[in-house]
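> Make a model of this:
(one chain, ligands or ions: 2)
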Amino acid sequence: MSDNKFVKKIACIGAGYVGGPTMTVIANFCPDYQVTVLDISQERIDQWNSNELPIFEPGLKERVLKARGQNLFFSTDIDRCIDEADIIFVAVNTPTKTFGEGAGKAVDLQYIEQTARRIKENSKSDKIIVEKSTIPVRAAETLGKILHSGNNSIHFEILSNPEFMAEGTGIHDMENPDRILIGSMDTPSGQAARDELIKIYERWVTPENLITTNLWSSELSKLVSNAFLAQRISSINSISGLCEVTEADVDEVARAVGKDSRIGPKFLRAGVGFGGSCFRKDILNLVYLCEHFGLQPVADFWGQVIIMNDYQMERFVQRMLKAMFNSVVDKKIALFGFAFKPDTGDTRDSPAIYISKMLLKERARLCITDPHALKNAQKDLEGVEGEIVYEPDPYKAAEGAHAIALMTEWDQYKTLDYKRIFESMEKPAFLFDGRNHLDHQALFDLGFNVHSIGKPDRIQFDDPS
Ligand code: NAD
Ligand code: UGA
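Numbers count the residues shown, from 1 in each chain. Ligands and ions are numbered 1, 2, ... in the order given. The predicted structure follows:
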């Protein structure tokens, strides 16, 4: 297949948050491989080929510019690139199903199936197919059936190679992964395909961090990893409620608990709840799988992680209402941050969406500020009834507001001039820190009523203004 210039040709179907960055990293480390990232969206591909990349991720742009046009290409010419590729990564979206059987829980596999059919129709030689998307355990079996249906001459070897990067640190995570997981069939062709993929990753990943398993363990490990991470967040968030009524401090509890090396300190930051495109969807998928296999108590156990996350967001709004004299009608509330986490413009399943909707139902007036996510925020809240202003400048967003609700722990929010902000706000001025990100004592000293997660409220008895 490959021409002389390149050792191998890689195609990646899906030019999103995973496909774009993962292929950029591979292209950077493997200049002798041709890497083409493909998508059905012409707009997305045009953005990848422009100076305004479709996603914001620290370090991404430099790396794209380094390889683009050399060995990294972005294209909509899917059929030709499938035909020419030796290895095809599948990184299309796998959202939660919104219709029919399993709606609200099961994965909608239509994009995976469309991709498989397109690969089958356009392949004239054997290929390695790599599942990069997060999919239900045993999805490779379905993929195999579609790829091999009515076709005896071409062999597709399916590997599972789930992606563990987190947004905002995606490039760092991919360049320094805790592990690269490769699942394959335990057959000579499965092992040969696995070795081909190892050849790529071993350019920058040490052998101890290259883990190989059977296909099903690899598929399931991805869902379980996300479930365990989300479960830790829900665990500490559940304790934050208890801290608020007992004068314990959730950050101190998390530090004390996390010092136990069997527990560890990471992912114990209490907050307004987890967001992002995957935790909710992947846990729902796990719950659905457990129900499908008749393991109801297991399904209920994992379902509780989501129930706790929803409760945390509701509880935050309830606390806002209670603190602001049980009404926010016509009060201006400045939302600091809308992205589901800092260093990304991604707002998918961001707690800010739910909290905005709840506040608008209470007839608050919202002014949303975020350094990278305002466009997405606008799309998320399109058609929602109520007054919403989008304002890039946090000082302007806070002007005349009754309250600030911090939703995303952007670094720049730490160093704002809160004295100036306080002076421009209505009094009493409330600050609800949904990420325990700011210096609460300093804000209290300036005159704010400060409410945070899992900590006692700091309420002014005499309004100093
Ligand atoms: P995304 O929505 O950003 O990108 C998916 C892309 O696939 C879109 O651009 C879409 O147009 C394209 N696409 C859909 N069907 C197609 C088809 N038939 N042919 C060509 N292109 C098609 O999604 P994402 O965030 O990159 O996630 C992709 C997968 O990776 C999901 O399964 C997700 O669970 C998983 N994952 C995501 C992350 C993350 O941080 N976003 C991390 C790990 C794993
Ligand atoms: C998560 C996982 O961390 C990745 O390993 C995985 O590859 C990815 O999902 C995926 O499959 O999509 P991501 O959602 O990008 O990555 O970001 P995280 O850093 O995990 O944060 C998710 C949410 O949890 C954010 O809203 C964040 O604010 C919240 N969080 C995180 C907390 O509330 N507390 C914490 O201690 C950590």
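
> any idea how far ligand 1 is from Asp77?
Using Cβ to the nearest ligand atom, to the nearest Å, Asp77 is found at 11 Å from ligand 1. Every residue, glycine included, has its C-beta placed from N, CA and C.

> can you check Ile355 too?
Computed as Cβ to the nearest ligand atom, the Ile355 to ligand 1 distance reads 22 Å.

> burial count for that residue?
25 (other Cβ atoms under 10 Å).

> if I pick it, what's in contact with it?
Taking Cβ atoms under 8 Å, 6 or more residues apart in numbering, we find Ile355 in contact with Val272, Met313, Phe316, Val317, Leu335, Ala405, Met407, Gly434.

> Ile26: how many residues sit nearby?
Burial measure for Ile26: 23 neighbouring residues, criterion other Cβ under 10 Å.

> I am assuming it contacts Tyr33, so please confirm or correct that.
Yes. Using Cβ atoms under 8 Å as the test, Ile26 is close enough to Tyr33 to be in contact (6.9 Å).

> Mind telling me which residue of the chain is nearest ligand 1?
Taking Cβ to the nearest ligand atom as the measure, the chain has Gly16 as its residue closest to ligand 1, at 1.8 Å.

> Is it correct that that residue is in contact with Ala91?
Yes. Taking Cβ under 8 Å as the contact criterion, Gly16 and Ala91 are neighbours in contact, 6.7 Å apart.

> between these two, which one's more packed in?
Set Gly16 next to Ala91 and count neighbours by other Cβ under 10 Å: Ala91 wins out with 27 against 18.

> That one and Gly19 touch, don't they?
Yes. Contact status for Ala91 versus Gly19: in contact at 3.6 Å, counting by Cβ under 8 Å.

> tell me which residues of the host helix or strand of Phe301 are tucked away?
With the criterion set as DSSP states H and E, the secondary-structure element containing Phe301 is helix 296-323. Of the residues in helix 296-323, those with enough neighbours to count as buried (16 or more other Cβ atoms under 10 Å) are 299, 302-306, 308-309, 311-313, 315-317, 319-321, 323.

> That one: what's the following helix or strand?
Downstream of helix 296-323, the first helix or strand assigned by DSSP H and E is strand 332-336.

> Run the angle between the next helix-or-strand element following that next one and helix 296-323 for me.
The element immediately downstream of strand 332-336 (helix or strand, assigned by DSSP H and E) is helix 351-361. Taking axes from the mean of the first three to the mean of the last three Cα atoms, to 10 degrees, one finds that helix 351-361 is oriented at 50 degrees with respect to helix 296-323.

> sorry, back to before: which other helices and strands does the helix holding Phe301 contact?
Contacting helix 296-323 under the criterion 3 or more Cβ pairs under 8 Å, 6 or more residues apart in numbering; DSSP states H and E are the following elements: helix 215-246, helix 279-292, helix 351-361, strand 403-406, strand 430-433, strand 449-452.

> Could you list the contact residues of the stretch 101-250 of the chain toward ligand 2?
Thr134, Glu163, Phe164, Met165, Ala166, Glu167, Asn226, Leu229, Ile233 (Cβ under 6 Å from any ligand atom).

> what subset of the residues you listed is also close to ligand 1?
With the criterion set as Cβ under 6 Å from any ligand atom, the members of these near ligand 1 are Thr134, Glu163, Met165, Glu167.
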